[in-house]
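Asks: have a look at this prediction, sequence included:
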Amino acid sequence: MTDEGDSKTIRRVAELLERLANGTAEEAEQAAGELRTLLREIGYHGQTGPLVRKVLAPWEPLLDRSAVPRITPADWARRRRADRAARRKHVGAATHMRLGPAWQLIDWPLDGFAWAGTEYDVRERFLAIGPGGVYAVLIVDHGRARVTLSGDIVQIDNKRPPYLPEARRTARQASQILTAAAGSAVRVNPVVAFDGAGVISVHGLPKDCLVSGLKDLDKLLLAGGSRISPDTAEKLAAAASRLRS
């Protein structure tokens, strides 16, 4: 094997070990099979004798999935909640910093989210309140999947999750709560912001709901100009923070 071939093999082994250690159960199982095959292939002419067994032996505990402690549903749920909390803190802080001090982001709990039948999660939901008005924002994590937006239809991997109806429902709920607290009508604009590496194709914008990529969310909100006074925005943010539960 050439030096170039050796380098490629080493990189490939490193990639497989990374997937084995940090991937999902399915990814780890697939990586284990590929690693077994690769290590045997780099033996002398594909022999599976003592040399290959010696090379493979240190990794057998990792390759044997039965030797790896199983993650219980409770462990998985706790880890997922912790990951979501960390992402929420990061995204909220970054968005707030780009919007500026005149804006406030009020976490709006995801309890009661209407539809959980998709692997592409609503990462978080919050109210953004500032000079441009009040916005109910859903952050949607679509990973590397392609998003196709055609009017009121959102399609991701042949699924049509109702993110737009959910954003509108959140906006109506927040509007009712803030209107009751303020004693006058408070308009809340629904927004869906997509976060992921996949391509977003737009073939027509939806009605009564704003959409954007997460990195452009601040530009979308700032485009509203100045619709309410700083004092009104501060009072609405205080009411939303008090009444969000």
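Replies: Right, received. Where do you want to start?

Asks: when you work out contacts or count neighbours from here on, use the C-alpha atoms and nothing else.
Replies: OK.

Asks: where does this protein have low pLDDT?
Replies: Scanning the chain for pLDDT under 70 picks out 1-7, 21-23, 42-77, 80-94, 96, 110-121, 245.

Asks: now do the strands in it.
Replies: For the chain, the strands defined by DSSP state E cover 104-107, 122-130, 133-143, 147-150, 153-156, 188-196, 200-202, 210-213.

Asks: want to throw these into TSV with mean neighbour count and distance to residue 235?
Replies: Putting those into TSV (neighbours: other C-alpha atoms under 10 Å; distance: least, C-alpha to C-alpha, whole Å) gives the following:
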stretch	mean neighbour count	distance to residue 235
strand 104-107	21	11
strand 122-130	24	10
strand 133-143	24	12
strand 147-150	18	35
strand 153-156	18	35
strand 188-196	23	15
strand 200-202	15	36
strand 210-213	18	24
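
Asks: now the ones you listed in TSV, with distance to residue 35?
Replies: Below are the strands of the chain laid out as TSV (distance: least, C-alpha to C-alpha, whole Å):
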stretch	distance to residue 35
strand 104-107	44
strand 122-130	34
strand 133-143	26
strand 147-150	33
strand 153-156	32
strand 188-196	29
strand 200-202	35
strand 210-213	38
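
Asks: figure out which of the ones you listed is closest to residue 228.
Replies: Closest to residue 228 of the strands of the chain, according to C-alpha to C-alpha: strand 133-143, at 6.1 Å.

Asks: between the strands of the chain, which gets nearest to residue 17?
Replies: strand 133-143 (22.4 Å).

Asks: can you name every helix or strand that the closest one contacts?
Replies: Helices and strands touching strand 133-143, as assessed by 3 or more C-alpha pairs under 8 Å, 6 or more residues apart in numbering; DSSP states H and E, comprise strand 122-130, helix 163-182, strand 188-196.

Asks: so residue 236 sits against residue 129, correct?
Replies: Yes - Residue 236 is within contact range of residue 129, at 7.5 Å (criterion: C-alpha atoms under 8 Å).
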